[in-house]
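Student: Take this sequence and fold it.
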Amino acid sequence: MFLAGIFSGLIIIGLFMAVVLPRMLFTVSESKYDFDKTVEMITEQAQAGKWNMPHQYDLQQTMAKHNFEVQPVKVFSLCKPDIAIRILGSDPDRHLSVLMPCRISVYQKADGKTYISRMNAGLFARLIGGKASGAMHDAGEGIEVLLKSLVKN
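Tutor: Take a look at the predicted model:
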């Protein structure tokens with residue numbers, strides 16, 4: 001009976017990790033605007049919020065170069081140096097640079113609607129713990145403030 005309980009628990013945890021957790025790691029919101037207006041507003045909001053935007057990737061254009069056709073997709077790399085230094089300036093936390101800079105993806109689906117996705121930085125912050133969790137939390141809150149006027153409730 002004891003082993004059956006452990007086995008059942010492992011199955012439940014496995015299902016949770018396979019089904020629920022991946023959906024929790026990312027936040028997806030429908031934009032109030034069309035694709036081009038959403039892209040324009042993210043750029044404006046980033047500048048107003050003093051976020052650096054070192055890169056913007058047009059994945060639709062990239063895929064077209066390889067003869068693939070996809071709906072519009074743009075990915076923004078955003079950085080706020082006063083937050084980034086809290087991870088990059090720490091030897092024990094520098095491995096988390098793999099999650100940097102913050103990314104926002106804007107994409108259109110076949111239904112014609114535009115969506116905005118990003119990492120759930122608050123959840124990642126709780127998962128990683130330590131000093132870096134504060135930086136992850138602050139970056140996540142900053143991204144949500146940046147997107148607040150663009151997403152449908």
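
Student: ok, how many other residues are close to residue 104?
Tutor: Residue 104 has 23 neighbours, counted by other Cβ atoms under 10 Å. Every C-beta, even on glycine, is put in place using the N, C-alpha and C of the backbone.

Student: Repeat that for the one 10 residues further on.
Tutor: The criterion is other Cβ under 10 Å. On that basis, residue 114 has 23 neighbouring residues.

Student: same deal with residue 103?
Tutor: 16.

Student: Now do the contacts for it.
Tutor: Going by Cβ atoms under 8 Å, 6 or more residues apart in numbering, residue 103 touches 75, 76, 77, 78, 118, 119.

Student: Correct me if wrong: the first one contacts residue 56.
Tutor: Yes: the pair residue 75 and residue 56 qualifies as a contact (Cβ atoms under 8 Å) at a distance of 7.3 Å.

Student: re the thing from before, could I get the contacts of residue 103 as a markdown table with secondary structure?
Tutor: As requested, these are arranged in a markdown table below (DSSP: H, G, I helix; E, B strand; the rest coil):
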| residue | secondary structure |
| --- | --- |
| 75 | strand |
| 76 | strand |
| 77 | strand |
| 78 | strand |
| 118 | strand |
| 119 | strand |
